[in-house]
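Enquirer: build me a model from this:
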Amino acid sequence: MKLALTTCLATLLTTAAWAEITITDLRDRTVTLDAPAERVLLGFYYEDFLAVAGDGAADRIVGLSRGPWADWRPKQWQAYTQTFPQLADLPDVGDTESSTFSIEAALATNPDLVILAGWQYDALGESAQQFDTAGVPVLVLDYNAQTLEAHLASTRALGQAMGTEDRAEALATLYADMTADTAKRVNASTENPKVYVELAQKGPDEVGNSYAGGMWGGVIDRLKGQNIANGQIENWGPLSPEYVLAEAPEVILLSGSEWLNRPAAVPMGFGADKALAQTRIDAYKARAGWADLPAVKNGKVYGIYHGGTRTLSDFAYFRFLGKALHPAAFADVDPQAELEQFYADWLPIKPEGTFVMQAE
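Expert: Residues are numbered from 1 along each chain as shown. Modelled structure (predicted):
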């Protein structure tokens, strides 16, 4: 009888403890879970989810906003579906970028938690309240903010939600330590070059987006580069060719990816061929007036994986750019090796392809 009462009490205490999972998300909302999530509708931050949730993470996903993964990062998607074939069979609930996100389809997956990026939650607007009405908690993360604080808060919130707080804390500590080392090196440098970043998706005949504040803009700011987009755009948008030439950037960053049906894009990321990336970058360098830019004349044009920002592994891309902006301060840093080690320690696949490169 005593054993039965003890067992019952332990069960009640465990249930009560799980009922006390209260999280403040990245939109300063209070999210309460009865227990760690086991049926997750995952909107974005796919690799971060797998890294933080650890073993069995893929089995806890019941639905996806598939477009931002399968369409934006098709080779990455291919790598993960080879490891976790069940991902390809999960319901696709659409995506907010194409205005196809269906809350009805999301609810039909019977999730006990919906995880959205801040930009997805913002795009849904008042319609996101339908999840509240259905009694399904929504956790908003924001690695896109590209700040140390938002990265750490997103990681810890995800760990709380998945019951993997120790793993999340280890990842947060790694990210904070690498960020601190990067900042120390940057602060020791006196260099402050002008930087231009462009999304190299459309090819050289059409100007792609640049970034200010968040994403690559946030990276450049934290590395103490002079981002020529600052004050010209809000968040993202194209800069005029005339403005870029007048600013004479000393470093040019072309952000590429695995986009489908983009024959002139700079291919970067999983499965990307370095020789082809060089050929596509050469086409950008051949734009009118670019031959006279300091970045082109001095061999300071770089390709980088667009999927390398807004994620826990982006510290390696920070350090690659740190090496580009402050070569002496980062002389002993090998960002490619650091990226490979991150995948070996935290993710179930290898980063095979071309993720960063200095153009010839």
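
Enquirer: quick one: residues contacting residue 211.
Expert: 197, 199, 217-218, 227, 229, 233, 235-236 (Cβ atoms under 8 Å, 6 or more residues apart in numbering). Yep, even glycine has a C-beta here, placed from its N, CA and C like the rest.

Enquirer: now do residue 297
Expert: residue 291.

Enquirer: next one: it from residue 271, what distance?
Expert: According to Cβ to Cβ, to the nearest Å, residue 297 and residue 271 sit 32 Å apart.

Enquirer: can you map out the helices along the stretch 201-350 of the chain?
Expert: 215-222, 241-247, 274-285, 294-297, 314-325, 335-346 (DSSP state H, counting those that start in this stretch).

Enquirer: and of the ones you listed, who's closest to residue 58?
Expert: helix 335-346 (14.1 Å; Cβ to Cβ).

Enquirer: okay, now the unreliable bits of this protein?
Expert: For the chain, the stretches with pLDDT under 70 are 1-19.

Enquirer: okay, domains of it per the record?
Expert: 2-175, 190-358 (automatic domain parsing).

Enquirer: nearest to residue 182, of those?
Expert: It is, among these and with distance given as Cβ to Cβ, domain 190-358, at 5.4 Å.

Enquirer: quick one: residue 358 and residue 324 touch, right?
Expert: Yes - in this structure, residue 358 is within contact of residue 324 by Cβ atoms under 8 Å, at 7.3 Å.

Enquirer: overlap in contacts of these two?
Expert: With contacts defined as Cβ under 8 Å, 6+ apart, the residues shared by residue 358 and residue 324 are 300, 302.

Enquirer: residue 132: how many residues sit nearby?
Expert: 10 (other Cβ atoms under 10 Å).

Enquirer: so who does it touch?
Expert: By Cβ under 8 Å, 6+ apart, the contact list for residue 132 reads residue 138.

Enquirer: distance check, it against residue 31.
Expert: Noted for residue 132: a distance of 11 Å to residue 31, by Cβ to Cβ.

Enquirer: cool, and residue 181?
Expert: 32 Å.

Enquirer: quick one: neighbours of residue 33, just the number.
Expert: Neighbour tally, residue 33, other Cβ under 10 Å: 20.

Enquirer: beta partners for it?
Expert: Note on residue 33: beta-bridge partners by DSSP bridges are residue 21.

Enquirer: so it touches residue 21, yeah?
Expert: Yes - with contacts counted by Cβ under 8 Å, residue 33 reaches residue 21, the gap being 4.3 Å.

Enquirer: which residues do these two both contact?
Expert: residue 161.

Enquirer: which of the contacts of residue 211 has the most neighbours?
Expert: Going by other Cβ under 10 Å, residue 197 tops the contacts of residue 211 with 30 neighbours.

Enquirer: mind checking the SS state of that one?
Expert: strand (DSSP: H, G, I helix; E, B strand; the rest coil).

Enquirer: which residues of the stretch 51-200 of the chain fall in helices?
Expert: Using DSSP H, counting those that start in this stretch, helices in the stretch 51-200 of the chain cover 74-83, 103-108, 118-124, 129-133, 148-162, 165-187.

Enquirer: only C-alpha atoms, please: export stretch 254-261 in PDB.
Expert: Once non-C-alpha atoms are left out, stretch 254-261 reads as follows in PDB (Å, rounded to 0.1, in the frame of the first residue of the first chain):
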ATOM      1  CA  LEU A 254      27.700  37.400 -52.800                       C
ATOM      2  CA  SER A 255      25.200  35.200 -50.900                       C
ATOM      3  CA  GLY A 256      24.300  32.100 -52.900                       C
ATOM      4  CA  SER A 257      22.300  29.000 -52.300                       C
ATOM      5  CA  GLU A 258      20.800  25.900 -53.900                       C
ATOM      6  CA  TRP A 259      17.900  27.600 -55.600                       C
ATOM      7  CA  LEU A 260      16.000  25.700 -58.300                       C
ATOM      8  CA  ASN A 261      15.400  27.200 -61.700                       C
END
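
Enquirer: so that it lines up with my notes, have the first residue be 635 from now on.
Expert: Yes, from this point I'll number from 635; that puts the last item at stretch 888-895.

Enquirer: and that stretch, what's buried?
Expert: Neighbour-count burial for stretch 888-895, with 16 or more other Cβ atoms under 10 Å as criterion, is recorded at 888-893.

Enquirer: before we move on, back to that, more neighbours, residue 992 and residue 958?
Expert: Each of residue 992 and residue 958 has its neighbours counted (other Cβ under 10 Å); residue 958 has more, 25 against 13.

Enquirer: and stretch 909-923, which residues are buried?
Expert: Within stretch 909-923, the residues that count as buried by 16+ other Cβ under 10 Å are 911, 914-915, 918-919, 921.

Enquirer: of residue 815 and residue 665, give the one with the bigger neighbour count.
Expert: Taking neighbours as other Cβ under 10 Å, residue 815 and residue 665 compare with residue 665 leading, 19 against 15.

Enquirer: please identify the helix or strand for that one.
Expert: strand 664-667 (DSSP states H and E).

Enquirer: circling back to that earlier point, okay if I get the contacts of residue 845 as JSON lines plus distance to residue 682?
Expert: Converted to JSON lines, the contacts of residue 845 look like this (distance: Cβ to Cβ, whole Å):
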{"residue": "831", "distance to residue 682": "22"}
{"residue": "833", "distance to residue 682": "21"}
{"residue": "851", "distance to residue 682": "20"}
{"residue": "852", "distance to residue 682": "17"}
{"residue": "861", "distance to residue 682": "25"}
{"residue": "863", "distance to residue 682": "26"}
{"residue": "867", "distance to residue 682": "27"}
{"residue": "869", "distance to residue 682": "21"}
{"residue": "870", "distance to residue 682": "21"}
